[in-house]
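**Student:** Structural data only, the sequence is not supplied:
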């Protein structure tokens, strides 16, 4: 999860109850911080559009979901999706190795 182009305005979220709890940085800032710490990016990609094109029916069924760990998940997940749709947050994945 990374910060998008605009400030996140829908709370609560799965990782933050209110704006004071959210410390997301952009993918570029995350990459810079990791590289300054001695890591090299093998891969860093934004998967937001792929995630948005999936539906709940595409997800593999599992008894162990985030709902086990996150209270009020339906509301928080709806806010996260809305934030993602509006570009306030981005989903990124990466592979880094120690230099």
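**Tutor:** It's in. The structure displayed is predicted, hence computed values, not measured ones.
**Student:** any idea of the pLDDT on residue 63?
**Tutor:** Residue 63 carries a pLDDT value of 67.
**Student:** With residue 68 instead?
**Tutor:** Looking at residue 68, its pLDDT is 79.
**Student:** List phi and psi for the residue nearest to residue 73 when sequence neighbours are not counted.
**Tutor:** Nearest non-adjacent residue to residue 73, counting by C-beta to C-beta, 6 or more residues apart in numbering: residue 67, 4.5 Å away. All C-beta spots, glycine's among them, are computed from the backbone N, C-alpha and C. Dihedral pair for residue 67: phi -60, psi -20, per degrees, to the nearest 10.
**Student:** how about the helices of this structure, start to end?
**Tutor:** 27-36, 48-53, 73-85 (DSSP state H).
**Student:** tell me what the shortest one is packed against?
**Tutor:** Other helices and strands packing on helix 48-53, by 3 or more C-beta pairs under 8 Å, 6 or more residues apart in numbering; DSSP states H and E, are helix 73-85.
**Student:** which parts of stretch 35-54 are buried?
**Tutor:** In terms of neighbour count (16 or more other C-beta atoms under 10 Å), stretch 35-54 has its buried residues at 39, 44, 48.
**Student:** Report pLDDT for the last one.
**Tutor:** The reference is to residue 48. The model's pLDDT for residue 48 equals 96.
**Student:** same check, this time on the first one
**Tutor:** Here the pLDDT value assigned to residue 39 is 98.
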